[in-house]
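J.: sharing a model that was predicted from the sequence below.
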Amino acid sequence: MTTTSLAFLLQLAQVIAPLLYLACALAVTVHALLNKRDVHTAIGWIALAWLTPLLGALLYLMLGVNRIQRAGVALGIKDGWHGQGCNADEVLQADGICSPELAGINRLACGITERHLLAGNAVTPLVQGDAAFPAMLAAIDGARHSVTLLSYIFNDDAAGRPFLAALQRAVLRGVQVRVLIDAVGVRYSRVSMVRQLRHAGVPVATFLPPRLTRLLAQANLRNHRKIMVVDGVLGFTGGMNISASHWLSRQPPKAFQCLHFAVRGPVVTDLQRTFAIDWGFTTGERLQGSPWFADNAPCGPVLARGVSDGPDADIDHMRLVMLGALATARQRVRIVTPYFLPDNVLLTTLQVTALRGVVVDIVLPGRSNLPLLDWAMRPQFAGLVASGCRVHLSGPAFDHTKLFLVDDDWSLIGSTNWDARSLRLNFEYNLECHDATLVRQLDGLVDSRIERAHRLTTAELEAQSLAARLRDRLVWLLSPYL
């Protein structure tokens, strides 16, 4: 290249670079103004685009564009699918016997989810893998027609291998089996359980395997649901992955406390419907009618509704139900969650709930499996404690339980954590339950955790060193991405 040519290219770059900078900064400004809901967020991104030429626009493209909702809606896993469900008489019966105190939250949740309460369900808590895994394995071994299983994590370990064997036995008996594992969750195991299941002849698929073509749009869209349905009549859901960490009696190296539930009754159809939608999106196979669905007669006292949540047509369902439940609380609120990074609206609502005289207990792990999250959570505690919320740090085993109880007869059980990832990015599934007996059972579990926990005080928070506070605040800035 001659000196003249090089000089010309440099002159051309001097002209193009400012124009490119202006175009990119203007594009960021217009997009942020039209799409950002928070003023501070919009100002921050616009300032970054103008003050850091090109780099700010590139960062906005990578981190600031909300692909979550657009990509999730594009998945289309809900539209056009209508599974078998309850009949109109069951719907009317459930709404008719809902207690007057819960009429408001019932109306709100029905409007958000477009699902009515279903009467006649039995919901049984299964504490730790010690209760959950034997019950689930026995259900698979007793299956006559079908087994569907959806899990975020399915490890090749002392818990996963018995499930693999039971599923293989079911296939050999002629039972129709379908297993869906999240494509990121499956990587938690050193040996891929997907390969093991396929080798055993078990139909299995992975949800949204990461690919370069959709890395930015869908890399964070993970299926965090935990659902198993046997013969269309017996369901299991909750917060438990298929991992030896939850089987505490076998003394795993890393012990995780957790809670799962066995479910019978009309709402089991909704569990199966949710699995069928995810399976249909992933594989194209539509699971309808026999052997997947069954007529589930009333068999218990619990009024229940499935609440699906995800970055698609169901976006914000869980968050809005949580806000509605807090608004209707009269006496007490009890939250047990492994990760606690709610947005400012949820945090403020919790503080307001406590300030109006409702007893608010928040039970969190004293030490989680993710140290960064422990640090990011701490800056929120001072405001909560000052408003009267009681924050309890449990230990020593990491508590992976997810529970939300309001007053004496309302509970939300399932897979959702109180953080941005669960409430905005993940596909989640929970059951909203109206039943005083179930809440009393769950209250006992919360009480036992609080008895063994340490309650945070204002003095303790104020005594934290400056270095620790700065560390926590710096990590807290990353909370939308944790």
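T.: Okay, I see it. All figures in this text were calculated on a predicted structure; none of them were measured in a lab. Numbers count the residues shown, from 1 in each chain.
J.: could I get the average pLDDT for the host helix or strand of A170?
T.: When secondary structure is defined using DSSP states H and E, the element that contains A170 is helix 160-172. Here the mean pLDDT over helix 160-172 is 98, rounded to a whole number.
J.: what number of residues lie near L48?
T.: Neighbours of L48 under the rule other Cβ atoms under 10 Å: 18. C-betas here are computed from N, CA, C, even on glycine.
J.: same thing with the one 10 residues further on?
T.: Summarising burial for L58: neighbours were counted as other Cβ under 10 Å, giving 13.
J.: tell me the confidence at it?
T.: You'll see L58 listed with a pLDDT of 83.
J.: and the gap between it and N35?
T.: With distances taken as Cβ to Cβ, to the nearest Å, L58 is found 18 Å from N35.
J.: got the buried residues for the helix holding A170?
T.: Using 16 or more other Cβ atoms under 10 Å as the burial criterion, the residues of helix 160-172 that qualify are G160, P162, F163, L164, A166, L167, Q168, A170, V171.
J.: ok, then the element right after that helix?
T.: Taking DSSP H and E as the definition, the helix or strand that follows helix 160-172 towards the C-terminus is strand 176-182.
J.: dump the residue contacts of C258.
T.: C258 makes contacts with Q128, G129, A132, G238, G239, M240, H246, D399, H400, T401, as judged by Cβ atoms under 8 Å, 6 or more residues apart in numbering.
J.: hang on, the earlier thing: any chance of the buried residues of helix 160-172 in TSV with distance to V39 as columns?
T.: Below are the buried residues of helix 160-172 laid out as TSV (distance: Cβ to Cβ, whole Å):
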residue	distance to V39
G160	47
P162	53
F163	49
L164	52
A166	54
L167	52
Q168	56
A170	55
V171	56
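J.: relative to V391, how far out is V336?
T.: When distance is defined by Cβ to Cβ, V336 is 12 Å away from V391.
J.: and those two? Which one has more around it.
T.: Neighbour totals were compared for V336 and V391, and V336 leads with 28 against 23 (other Cβ under 10 Å).
J.: surely that one and S411 touch.
T.: No. Contact status for V336 versus S411: not in contact, 11.0 Å apart, counting by Cβ atoms under 8 Å.
J.: any shared contact partners between these two?
T.: Between them, V336 and S411 share these contacting residues under Cβ under 8 Å, 6+ apart: L403, F404.
J.: ok so, going back, name the helices or strands packed onto the helix holding A170?
T.: Here helix 160-172 is seen to pack against helix 128-141, strand 146-151, strand 176-182, helix 193-199 when contacts are counted using 3 or more Cβ pairs under 8 Å, 6 or more residues apart in numbering; DSSP states H and E.
J.: what angle sits between it and strand 176-182?
T.: Interaxial angle, helix 160-172 versus strand 176-182 (axes from the mean of the first three to the mean of the last three Cα atoms, to 10 degrees): 150 degrees.
J.: between helix 160-172 and helix 128-141, how many degrees?
T.: Computed with the same axes, to 10 degrees, the direction of helix 160-172 lies at 10 degrees from that of helix 128-141.
J.: show me the contact partners of helix 160-172.
T.: Defining contact as Cβ under 8 Å, 6+ apart, one finds that helix 160-172 is touched by 133, 136-137, 140-141, 143, 147, 149, 154, 156, 177, 179, 189, 193, 196-197, 200-202, 242-244.
J.: please apply the same query to stretch 121-128.
T.: Residues from elsewhere that reach stretch 121-128 (Cβ under 8 Å, 6+ apart): 132, 135, 236, 238, 246-249, 257-268, 298-304, 413, 431, 433, 435, 438, 441-442, 445.
J.: settle this for me: I181 is touching T206, isn't it.
T.: Yes. Under the contact definition of Cβ under 8 Å, I181 touches T206, with a separation of 5.7 Å.
J.: quick one: which of those two has more around it?
T.: Between I181 and T206, I181 has the larger neighbour count (other Cβ under 10 Å), namely 25 against 19.
J.: what's the burial count for E451?
T.: Other residues lying near E451 total 9 when counted by other Cβ under 10 Å.
J.: and it, how far is that from V147?
T.: Distance from E451 to V147, counting by Cβ to Cβ: 38 Å.
J.: can you check L370 too?
T.: Distance, L370 to V147, using Cβ to Cβ: 32 Å.
J.: remind me which residues of the protein are low pLDDT?
T.: Counting by pLDDT under 70, the ranges of the chain that qualify are 1-10, 12-15, 62-63, 66-95, 211-220, 480-482.
J.: give me every residue that touches the most centrally placed residue in it.
T.: The structure's the chain has its C-alpha centroid closest to T416; by Cα atoms, centre = their mean the separation is 3.3 Å. Contact criterion Cβ under 8 Å, 6+ apart gives H224, D309, M318, K402, S422, L423, N426, E428, N430 as the residues in contact with T416.
J.: dump those residues to JSON lines, plus secondary structure, neighbour count and distance to A42.
T.: Shown next, in JSON lines, are the contacts of T416 (DSSP: H, G, I helix; E, B strand; the rest coil; neighbours: other Cβ atoms under 10 Å; distance: Cβ to Cβ, whole Å):
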{"residue": "H224", "secondary structure": "coil", "neighbour count": "27", "distance to A42": "29"}
{"residue": "D309", "secondary structure": "strand", "neighbour count": "28", "distance to A42": "26"}
{"residue": "M318", "secondary structure": "helix", "neighbour count": "29", "distance to A42": "26"}
{"residue": "K402", "secondary structure": "coil", "neighbour count": "26", "distance to A42": "33"}
{"residue": "S422", "secondary structure": "helix", "neighbour count": "23", "distance to A42": "25"}
{"residue": "L423", "secondary structure": "helix", "neighbour count": "24", "distance to A42": "21"}
{"residue": "N426", "secondary structure": "coil", "neighbour count": "24", "distance to A42": "25"}
{"residue": "E428", "secondary structure": "strand", "neighbour count": "26", "distance to A42": "28"}
{"residue": "N430", "secondary structure": "strand", "neighbour count": "26", "distance to A42": "32"}
